[in-house]
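>>> sequence and predicted structure, then a few things I'm wondering about:
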Amino acid sequence: MTTLALALPPSLACEIDEAIAVLRLSRPRKRNAVDDEMVAGIGACFAALPAEVRAVVVHGEGEHFCAGLDLSAITAHDAPEGVFHSRAWHRAFEQIESGAVPVIAVLHGAVIGGGLELAAACHIRVAEPSAYYALPEGSRGIFVGGGGSVRVPRLIGTARMLDMMLTGRTYGAEEGLAAGFSQYLVAEGTGFARAMEMARRITTLAPMTVFGVLHALPRIAEAEPRTGFLMESLMAAIAAADPVAKERLQSFLEKGAGKVTRP
Ligand code: 1HE
């Protein structure tokens, strides 16, 4: 285990365990509320990941994943400061979503506002039964600013997000799994281990598969279908031409390696 060679604020810790980086939100006294230095630190951390890192796990210290934006950070903002503040969140979270490696978020306790936006920028979400989801922006007279209006509807649909913001509705972990907030719901206290297990598997994937899934798939899914089909063919051809793919295909054909099993 090594520490990322980058000065991070005390509210963040990033350690590297072979090919997996673990980023911990580490401000439990404030329920991991995200202030300006923390959001900049998150972006810097993802930008500085060494090439040997092939997956990241993000989790929160204490009782909650993240209480969202540190509300004390924006009380004095005028409109231009508000725009730049929101754009700083966009820049940081873009480093997660469009970075080189898959990112798994472990969710427990409050996953609120900007915390939900952070989770939505990750690629896989593993929740524990204590997790709950809310967008209190609505009742606080503000609006999502960390990419939530783009990413949260992709997970749960615009109608659910609209309802949450207008009525203050919250979702528990089980309901949240069905709604699409998380892909997994695991026993309390086991989310981190499960995420690490998934991350280890991800580190063994072929680089072109990972590239296709992270960079081509989201664009194809939002493209006009005929453009999407073309992009898919190009991505498929590039991935299959990689010697790693050829070796794996051969290994199945000759030895039955990686046979698919029932869930
Ligand atoms: C905070 C924050 C915060 C806690 N900003 N200080 N997010 C919210 O609207 C959620 C606000 N927080 C809460 O509803 C609750 O704190 C929790 C449900 C998350 C946790 O409750 P609890 O009882 O465990 O903790 P607590 O006693 O409320 O909070 C502990 C301390 O953390 C307390 O400070 P203290 O000095 O009195 O000890 C709280 O003030 C502080 N704290 N959450 C600042 N969010 C890019 S745009 C995104 C827009 C948003 O994210 S809006 C949603 C913001």
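That came through fine.

>>> now the residue in the stretch 101-250 of the chain that the ligand sits nearest to: closest residue in space, sequence neighbours ignored.
Using Cβ to the nearest ligand atom, the point where the stretch 101-250 of the chain gets nearest to the ligand is Gly113, with a distance of 2.5 Å. (Each C-beta comes from the backbone N, C-alpha and C, glycine too.) Closest residue in space to Gly113, ignoring its immediate chain neighbours: Gly68 at 2.8 Å, by Cβ to Cβ, 6 or more residues apart in numbering.

>>> about what we covered before: any idea how many residues pack against the residue of the stretch 101-250 of the chain closest to the ligand?
For Gly113, the neighbour count with other Cβ atoms under 10 Å is 27.

>>> hmm, the residue nearest to Gly113 is touching Ala119, no?
No. With the criterion set as Cβ atoms under 8 Å, Gly68 and Ala119 do not qualify as a contacting pair; they are 10.7 Å apart.

>>> return the distance of the residue nearest to Gly113 relative to Lys30.
The spacing between Gly68 and Lys30, counted by Cβ to Cβ, to the nearest Å, is 11 Å.

>>> between the two, which one's more packed in?
In terms of neighbours (other Cβ under 10 Å), Gly68 is the more surrounded of Gly68 and Lys30; the figures are 27 against 15.

>>> wait, what's in contact with the more buried one?
33-34, 110, 112-117, 136 (Cβ atoms under 8 Å, 6 or more residues apart in numbering).

>>> please apply the same query to Pro136.
For Pro136, the contacting residues are 68, 112-113, 168, by Cβ under 8 Å, 6+ apart.
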